[in-house]
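need a structure here:
(chains A and B)
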Amino acid sequence: MRRYFGRKLLIYALTFFVAVTVDWIIPRFMPGDPVQTMLARASLRPEANQALQAYYTDLFGLDVPVWQQYLNFWNALLHGDLGISIWQFPQPVTTVIMRAVPYTLALLVPAILLSWWAGNKFGAYAARRKWLDNTVLPLGYVLTATPYMWLGILLAWSLATVAGLFPVAGGYSFALEPSWSPAFAGSLLRHWFLPFASLFLVGFGGWAIGMRNLIIYELEADYSHYLESLGAPRRLVRRYAFRNALLPQLTGLALQLGVIVAGALVTEIVFSYPGLGYLVLQAINNQDFFLIQGAFLFIIIGVLLANFLVDVAYVLVDPRTRTGMRGGS
Amino acid sequence: MTVSDQEELVTAAPAAPAVTPAPVAGGRASREALYFARRNRKLVAGFGVVLLFLTVAVAGPLLTDHGPNEYVGPPAQRPSARYWFGTTMFGQDVFAQFTHGLRSTFLVGVLGGGLAAAIGMLVGFTAGYRGGVVDEVLNMITNIVLVIPTLAVLLIIAAYLRVRGVVPEAVFIGLSSWPWVARAIRAQTFSLRSREFVDLARLSGLSGRRIVLKEIAPNMSSYLFMTFILLFGGSVLIAATLDFIGLGPTEGTSLGLMMNNAVLWSALPLGMWWWFVPPGLGITVIVGALYVMNVGLDEVFNPKLRAM
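Take a look at the predicted model:
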């Protein structure tokens, strides 16, 4: 157990280290002067401009050696200091991002969990059932091939603009002030539903197809044939197949995390949903490099944490890894 | 270890094929594959659709005498005989943008997918065949790149580039989306490495490079091909995502950029469906056809699935 997690944690630590280094290197070694670009493009009041100029020159600290700059960067990072946002001047990047993170999580967590669960159940059910396989499988391929934002656009256009069932944009109605009232909660929910639905649908298609294929492989495996020849009921064989097929799907979930997060970013942009994706778009349009870099780090940290959770789940689900770890394979 | 590696093989991507490393028996086997390939409806249909879009991408721009970003007609026109896909808010021809965008899509797919496949094979074969410390180091690197979300890295690189082209975009995508391929090929190579025919080749004094190229790679050629198809589709989707965020090519156009512009200039509330439906539909149909093609190929190469 300890060796398994030790190895995983080492990889995550190294990944974090690499990510932070990339975050540090790119602005400094890309052609051009980002500070100048940033200030030239951001039309600010003169005093803000001056303050920023001083701040950034100090932050980039070009008068100290490179290794010192690198250490300073880590130091600031570990103190939660990611710089000051230009788009939302003079708020710190950390504050701006923390305000957006709950919205992104509220979309991502239910979408990931529900689509994985429902996709697996449904894929397992459709496998080797002729008419379901023939109707739903093609639909699944279409869904998983759909770019996230396009499905979002279609949903927003058909259900919000044309049918008028849902609001088109925003995290809550602009007529309301954030508060703990039922009206506000209802508004949140109505704005949340469409972005959630488009994330859910794309994921659902992918998981359903994956599970359907895996079940077919498992039903071809020796143990399934053996069980069948013993006269075990079909449902029992399928249940064993399902449990075996769940493990690769769990690994697949870890591998897909980055793609799903990217999907959430663009979906938020479609719906102007005030999460990280919307923030990134604003940061790009306003040349707010510190905000982009901050968002990058937050995404990395989130994906690393989620990966770790999948590792834990894997140990809980797969008894082989547990015994293997105890006995030392 | 081998168990989980096998499993990774299967779910490396949503539609990743499982592998049956059956030794290829020369001409007869490939003739047989061709026989089943021509009779596989999924493969033929998928291939046909991709070919159709490729034709549109190649020939389409020749049908219009103006560039994709030129202001040629009245703004916000519905599809008509003159402008087949209508015009944008600024009077640009959506059809011209669509066909040029398709070109970028294929370019990104081939270049990004090809580069990722090449790196993945290089790393996977090297790690799997050499083993030992080389494997440990390569595996570590693979795992690190695997965990970092591709898009986040592309985001931060693209944000600092002032001039962005389709080719650099494809190269960056290729450079960052190879890890799952490397892992899958490494696991495959591991299992093939200890086979007798590989031992025989080693005894006869072939170099490691030639053993990989002549003995190991041909045994998973079908898998390698299917991997490339998946990478092609993946690259197209990543590029669309990146373009949609606003980090697409600064010159020319792409399907993702079209959707970005459509959303940015309120095509949604105005109901200008002809602006945002074609680009997304194009991507969906191409990538979907590729996936279906892959299932067909899987059935062609894997006799177990054929009976279905």
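
measure the residue lying closest to B:Trp273 once chain neighbours are set aside to A:Gln287 for me?
When the adjacent residues along the chain are set aside, B:Trp273 lies closest to A:Trp157, with 6.5 Å between them (Cβ to Cβ, 6 or more residues apart in numbering or on different chains). For the C-beta atoms, the positions are set from N, CA and C on the backbone; glycine is no exception. Plainly put, A:Trp157 is 30 Å away from A:Gln287 if you go by Cβ to Cβ, to the nearest Å.

per-residue confidence at the spatially most central residue of chain A?
What sits nearest the mean C-alpha location of chain A, by Cα atoms, centre = their mean, is A:Val261, with 2.2 Å. In the prediction, the pLDDT value recorded for A:Val261 is 90.

same question, A:Arg129
As summarised for this prediction, A:Arg129 has a pLDDT of 80.

same question, the one 3 residues further on
With respect to pLDDT, A:Leu132 scores 82.

Could you check how far it is from B:Val292?
Computed as Cβ to Cβ, the A:Leu132 to B:Val292 distance reads 17 Å.

the more surrounded of those two?
Ranked by neighbour count (other Cβ atoms under 10 Å in any protein chain shown), A:Leu132 and B:Val292 place B:Val292 first, with 24 against 14.

Tally up the residues packed near the closest residue to that one other than its chain neighbours, please.
The shortest distance from B:Val292 to any residue other than its chain neighbours is 4.1 Å, reached at B:Gly46 (Cβ to Cβ, 6+ apart). As a burial measure, the neighbour count of B:Gly46 was computed by other Cβ under 10 Å and equals 24.

Check which helix or strand B:Gly46 maps to.
Following DSSP states H and E, the helix or strand that holds B:Gly46 is helix B:41-63.

Return the list of helices and strands in contact with whatever helix or strand comes next after that helix.
Using DSSP H and E, the helix or strand that follows helix B:41-63 in sequence is helix B:94-130. In this structure, helix B:94-130 packs against helix B:41-63, helix B:132-147, helix B:166-176, helix B:179-193, helix B:221-242, helix B:255-264, helix B:273-301, with contacts taken as 3 or more Cβ pairs under 8 Å, 6 or more residues apart in numbering or on different chains; DSSP states H and E.

Please point out which parts of helix B:94-130 sit buried.
When burial is assessed from 16 or more other Cβ atoms under 10 Å in any protein chain shown, helix B:94-130 yields the following buried residues: B:94-109, B:111-117, B:119-121, B:123-129.

Just want the angle from it to helix B:166-176.
30 degrees (axes from the mean of the first three to the mean of the last three Cα atoms, to 10 degrees).

Pull out the buried residues from the helix or strand that B:Leu200 is a member of.
Using DSSP H and E, the secondary-structure element containing B:Leu200 is helix B:196-203. Buried positions in helix B:196-203, judged by neighbour count with 16+ other Cβ under 10 Å: B:198, B:201.

Outside of it itself, list whatever touches it.
Residues outside helix B:196-203 that contact it (Cβ atoms under 8 Å, 6 or more residues apart in numbering or on different chains) are B:23, B:192, B:210-211, B:214-216.

Report the mean confidence score over the following helix or strand past it.
Using DSSP H and E, the helix or strand that follows helix B:196-203 towards the C-terminus is helix B:208-210. Mean pLDDT, taken over the full extent of helix B:208-210, equals 85.

what's next to helix B:208-210, contact-wise?
Among residues not part of helix B:208-210, those counted as contacts by Cβ under 8 Å, 6+ apart are B:129-130, B:201.

which one of the residues you listed is nearest chain A?
If you rank the contacts of helix B:208-210 by distance to chain A using Cβ to the nearest Cβ, B:Arg130 comes first, at 20.5 Å.

one step back: turn the helices and strands packed on helix B:94-130 into CSV, including distance to A:Leu143.
Conversion of those to CSV gives the following (distance: least, Cβ to Cβ, whole Å):
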stretch, distance to A:Leu143
helix B:41-63, 16
helix B:132-147, 25
helix B:166-176, 22
helix B:179-193, 21
helix B:221-242, 13
helix B:255-264, 18
helix B:273-301, 9
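
Mean neighbour count, the ones you listed: which tops it?
Across these, the average number of neighbours (mean count of other Cβ atoms under 10 Å in any protein chain shown) peaks for helix B:255-264, which reaches a mean of 26.

got a list of what the residue in the stretch 1-150 of chain A positioned nearest to chain B touches?
Nearest to chain B in the stretch 1-150 of chain A, going by Cβ to the nearest Cβ, is A:Trp150, at a distance of 2.9 Å. Applying Cβ under 8 Å, 6+ apart to A:Trp150 gives the contacts B:259, B:276, B:279-281, B:283-284.

if we go to 7 Å?
With contact taken as Cβ atoms under 7 Å, 6 or more residues apart in numbering or on different chains, A:Trp150 is in contact with B:259, B:280, B:283-284.
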